[in-house]
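Asker: could you work out the structure for the sequence below:
(chains A and B)
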Amino acid sequence: MSSRPSWIRRYIFSTDHKIVGLQFLWAGLIFLLVGGLLAMVMRWQWAHPGEPVPWVGELLFSESNGAVTPASYTGLFTSHGLMMVFFAVTPILIGAFGNYVIPLLIGARDMAFPRLNMLSFWVTLGAQCLALASILMPEAPSSGWTMYAPLTSHYDSVPGHGQELMMLAIFLVGVAGIMGAVNYITTVLTHRAKGMNMMRMPLSVWGLFLTAILNALFIPVLAIAALLLLLDRVYGTHFFEPAVGDPILYQHLFWLFGHPEVYILILPVWGILSDLFSYFSRKPAYWYRGSVYAMMAICGLSGLVYGHHLYQTGLGPMLGTAFEALTLAISGPAVVLFVNWLCTLWRGAIRYELPMLFALGTLVVFAGGGLTGLYLGPITADIYMHDTLWVVGHFHLIMSAATLMGSFAAIYYWYPKMFGRMMHERAGQLHFAGTLVFAILTFGGMLVAGYEGQGRRLFDPFQYEFIVHLKSVNQYTTYAAFGMGLFQIIFAINFIGSLFWGTRAAENPWGAPSLEWSTSSPPPTENFSEEPIVCNGPHELGNPAVREALGKDWIGQSEVMP
Amino acid sequence: MSISLPSDVSSEGWRIDHILHVTHWAVVLLSIITLVWLGISLVRDRKHRDATFTHGTSRREKAIPLALAAFVFFCVDGYLLVRSHSDLSASILRANDMLGKEGVVRVQIGARQWAWDIRYPGADDHFDTSDDFYTVSELVVPVGRPVVFELGSSDVIHSLYLPNFRIKQDAIPGRVLRGWFQAEKLGRFDIACAQHCGVHHYQMGGTVRVVSEDEFAAWRAAMSRDGARMHAEDARAQAAESGYQLVVEDGWPEAAPSRAWAWPWGRSVQSAGGAP
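Answerer: From the prediction side, this is the model:
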């Protein structure tokens, strides 16, 4: 290259997938903080309804002497859900890791469409700013994250303009998501290094690749649903109005996206876990192809099960039963994937380093999330469980506990690659223990309250006689949530402090065979000094032949056996 | 403290409790398998210096995940599917059949922000006659008789939630859905709304009052006599008494609040979960 690009081109408007990935990571982490704080205020209301919120109450709710009001409460749960799903977890898992990791792991110099990639980030950032603006409006969005019609289409039910800003933000983040998805799919299909056939890709790439496919298929559905709803609300069209349109049509569209969204968020985690279990038990991933096919099967099913969110809307019995059967069927491939993990660990040489601790924690909370879902699959059980805190606890175990602990595993794992330094071990262990224990207590508390019948989204649940006795459960749950929040401070300090004071990372600190560790940390602009030629699978660990020849228990993907 | 479902006071709630309890057993079993398996690995295998090398691709090795998946799929999922399907077709979706039963009580429940308008057919057992009468957010039913409700909404989507009767049914504007239950115990039980329906969603409560058959007959006769005179004033008074802050608008229920599509009846009726 004749001239060095300017600082701004290199670090702000960069087309380098690594910079874009880090931008996504920072943006996502900031919104994780926003979403988390919203959750804390909401939890306070359940522990001490009507009492002034300590510290921030006077600032946020000055008109009510610092107490949450019913109107601000609806704003809290709506904003919390939307912030977390679209503006925190999605940018971290898909934006950050997808970008940072995919080209490095498949031996590419960059994404297939670097400019589109950069645009995807800036559109996401714009959407995040809009979302933030929407919750700072005098009337924040208050429709619930699902934004059901006709509640959302009418200003007398959902007042103010915060709602429109948020819907626009969702539309934009959808557009950015499609850009990212197209890019990831093309990159994986066309930019793999020589010798890197599909069945040699690390499972992290498989997870991100399948996520991208789901994104490309289903985000357009969400974008259209949000657009039609916006038209109903702002211009008085009648897509989802009773009599002329259909409010249930909106639910079909929303959940046709909404259910795959769960898999969109969890698939990258599954892929990353599959790799980490192999690397940190020094064993090949058990039945690699089985895991790939299981993830594919779940992707296929993910679009066919959304009807279980509509069981109580009067679905016809045949349709209901079909959705029920397909929903329950997901447990088949999910068990294959899960058992493959257990078998990977079995008789391994397990190393409890930070990424492994978080990966194991993810495995536990994910199992909890999966098993609590069994109660929601059958139509009859769902009659009672639907819209209770059981549902909230269940999906938080997966969409919060598992995705976040999975993200932490990935952050601790790739941090040395991203910044060339290690994160602090003791601080990380403390962060792990606190997060795991308090996550289980928090979401477990929700499950208990939900099993006893407590409905979700209630400003003051304790007006109901059947819920009054659950006040102490709600209080413990709240304190557990506060505990979980406090432990994230350790992470924030560790994450930022290690940038400056972390010990320098060794060339391949984890002894992992995948390609990203065959280049420097952080990698140069075009990743590899020369294009790697892949001659091994991603999990060649513990092979006795390798040990004999090389004197170590692994062989890199581009390393040639002597 | 023990964790338990709210007391079941219905004739059919046991079906739901049963499937939940079976799921408990399945979950306990699967949890034990997972935890023991994981626990052994985590404790025993941390001492290993070298792992046992395998890609897990032999026939025997593949059989382990496949066998467990098959077990969960056929035994756990299979049971849940068959059981829930038979409960639905044997009882829960049988609202239409219940209409033909001796002594069935019919009510129409109109949900709106933020109350339940409940219409009884009066002593003649026909709707749209002069002895129809209304209550607000208080559902009075006789013990031991099937109650068939038709549920609609005049504004947004609500969800009728009777925790002690294991009933939850969305109330959807533009549709009328039918469901049924039968109370087996006297007493007062909560009605709640399960679907976020606006800022006062949390206050959209009410009461199911289960009374003896004689008491119900007397109550119905009295209400029926006064039916024509029962209008918004009484509803407001009743609402104040029930302790929930309701917004009862004038002209109710003929011109229901704010929206054009009003009192949801006069449309085709589906049974909850569709017509069996």
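Asker: A helix includes A:Ala506, no?
Answerer: No. Read with DSSP: H, G, I helix; E, B strand; the rest coil, A:Ala506 is coil and lies in no helix.
Asker: for it, give its distance to A:Met422.
Answerer: Distance, A:Ala506 to A:Met422, by C-beta to C-beta, to the nearest Å: 9 Å. C-beta: built from backbone N, CA, C; applies to glycine.
Asker: give me the common contacts of the two.
Answerer: Common neighbours of A:Ala506 and A:Met422, counting by C-beta atoms under 8 Å, 6 or more residues apart in numbering or on different chains, are A:Pro416.
Asker: same drill for the two, tell me which one is more crowded.
Answerer: Ranked by neighbour count (other C-beta atoms under 10 Å in any protein chain shown), A:Ala506 and A:Met422 place A:Met422 first, with 19 against 12.
Asker: the more buried one contacts A:Gly502, correct?
Answerer: Yes. Assessed by C-beta atoms under 8 Å, A:Met422 is found in contact with A:Gly502 at 5.1 Å.
Asker: quickly list what's touching both of those two.
Answerer: What both A:Met422 and A:Gly502 touch, as defined by C-beta under 8 Å, 6+ apart, is the set A:Tyr415.
Asker: so where's chain A uncertain?
Answerer: By pLDDT under 70, the low-scoring segments of chain A are A:1-3.
Asker: by proximity to chain B, which residue of it wins?
Answerer: Closest residue of chain A to chain B, C-beta to the nearest C-beta: A:Pro242 (2.8 Å).
Asker: which residues sit in contact with A:Asn340?
Answerer: Neighbouring residues of A:Asn340 by C-beta under 8 Å, 6+ apart: A:Ser274, A:Ala285, A:Tyr286, A:Trp287, A:Gly290, A:Ser291, A:Ala294, B:Gly56, B:Pro65.
Asker: likewise for A:Ala131?
Answerer: Neighbouring residues of A:Ala131 by C-beta under 8 Å, 6+ apart: A:Phe31, A:Leu82, A:Met83, A:Phe86, A:Phe87, A:Leu165, A:Met166, A:Ala169, A:Ile170, A:Val173.
Asker: mind listing which of those are in helices?
Answerer: Within these, residues falling in helices by DSSP state H are A:Phe31, A:Leu82, A:Leu165, A:Met166, A:Ala169, A:Ile170, A:Val173.
Asker: measure B:Val141 to chain A for me?
Answerer: Here the criterion is C-beta to the nearest C-beta, to the nearest Å. By it, B:Val141 lies 18 Å from chain A.
Asker: so that residue bridges to which residues?
Answerer: For B:Val141, the beta-bridge partners are B:Val210 (DSSP bridges).
Asker: ok, now how distant is it from B:Val148?
Answerer: When distance is defined by C-beta to C-beta, B:Val141 is 11 Å away from B:Val148.
Asker: now do the shared contacts for these two.
Answerer: Shared contacts of B:Val141 and B:Val148 (C-beta under 8 Å, 6+ apart): B:Val105, B:Val107.
Asker: so which of the contacts of A:Asn340 comes closest to B:Ser2?
Answerer: B:Pro65 (36.0 Å; C-beta to C-beta).
Asker: my read: the closest one touches A:Val335, true?
Answerer: Yes. Counting by C-beta under 8 Å, B:Pro65 touches A:Val335, with 6.9 Å between them.
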